[in-house]
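S.K.: Show me how the following folds:
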Amino acid sequence: MEKVTELDESKFGTRYLEDKSEIYMHNAWDNVVWDDEYRCEVMEKIASNSATKVDDDKASELETNADQYWNQFYDKHENKFFKDRHWLFREFPELVPNKNGNEKKTILELGCGAGNTIFPLLELDENETTMIYCCDFSIKAVELVRKNHLYNEKRCYAFQFDLTSSDWANTIPFEPNSLDYVTMIFVLSAIDPKYYQKIIENVRTYLKPTGCILFRDYGHSDLAQTRFKNGRCIKENFYVRGDGTRAYFFTESEIDKLFTDSGLTKLDIHSDRRLLINRANRKKMYRIWIQAKFQNKLLI
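M.R.: Numbering: from 1, shown residues only. Sure thing, here's the model as predicted:
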């Protein structure tokens, strides 16, 4: 797994490469259109690295011990691997607390990790109008959240939970129809695709009638997908990293179908295509993330 490069976030979404001679002037460009040569190169890499699949016994072991691999990840990296997601409030401004009012929000973050979404949000919430529930498959991640000096159970409650569980009702610490927003940021991709539909259906149970799911995750053909070696593919578009954690790469149409088939209404879905530049070695890195918003259908 690779760290995300630190960039000038103030320019995200507004910097377009109109003159290719200027490519090395900045460290990021938005909505870059691939040429046919690069597109073919990517498709060839994906075909090659998915030719040999992980054997069934190993795939089963990865599923059975998924929590152990993530515990090892957080034992090793603690809270130093992922950067705080201040960019999240630009992409999903509905999460930003209203500083001039007392409107209360209840938010659930799925796959909270070490708290890189939670704590920037709590710092913005000067009027303390937001209650955040957050969960992670890894008990080590949950422990890191609870140890943070900003953690306060009056404003934030962290708990360990397996999203593939069939027993949500006896584990979830809040009532159905109680959540304004659920964030799913790079969490679904870490889970076997066979569970996706049921997870989304379960999440919907806890949304308010107008509640929303905010989604961002890896897109098909992202640089990370092309970097896997042959023999790391578990099934189509689903891979295992060297540390035993897994990653799936989505298409827009997959996400659209998963959420709408679960009874949600699409508000937005798009691919964030970004060209990152390492100007020191003149290296080009093409990233693709899928971002979407889905709203619970009004119950009449």
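S.K.: Show the low-confidence segments of the stretch 201-300 of the chain, by residue range.
M.R.: The stretch 201-300 of the chain contains residues with pLDDT under 70 at 278-282, 298-300.
S.K.: Let me see the ranges of the helices in it.
M.R.: Per DSSP state H, counting those that start in this stretch, the stretch 201-300 of the chain carries helices over the ranges 223-226, 252-260.
S.K.: what's in contact with the shortest one?
M.R.: Outside helix 223-226, the residues that touch it by Cβ atoms under 8 Å, 6 or more residues apart in numbering are 2, 42, 45-46, 49, 218, 237, 239, 247, 249, 285-288. C-beta coordinates here come from the backbone N, C-alpha and C atoms, glycine included.
S.K.: now the strands: where do they sit in the stretch 151-300 of the chain?
M.R.: For the stretch 151-300 of the chain, the strands defined by DSSP state E, counting those that start in this stretch cover 156-160, 179-185, 207-218, 233-235, 238-240, 246-248, 264-278, 283-296.
S.K.: Save those as CSV, and put in distance to residue 197 and mean neighbour count too.
M.R.: Output for the strands of the stretch 151-300 of the chain, formatted as CSV (distance: least, Cβ to Cβ, whole Å; neighbours: other Cβ atoms under 10 Å):
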stretch, distance to residue 197, mean neighbour count
strand 156-160, 23, 19
strand 179-185, 14, 22
strand 207-218, 14, 20
strand 233-235, 16, 19
strand 238-240, 15, 21
strand 246-248, 14, 22
strand 264-278, 12, 16
strand 283-296, 13, 19
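S.K.: Dump those strands into CSV; add distance to residue 92 as well.
M.R.: Shown next, in CSV, are those (distance: least, Cβ to Cβ, whole Å):
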stretch, distance to residue 92
strand 156-160, 18
strand 179-185, 8
strand 207-218, 5
strand 233-235, 30
strand 238-240, 26
strand 246-248, 21
strand 264-278, 10
strand 283-296, 8
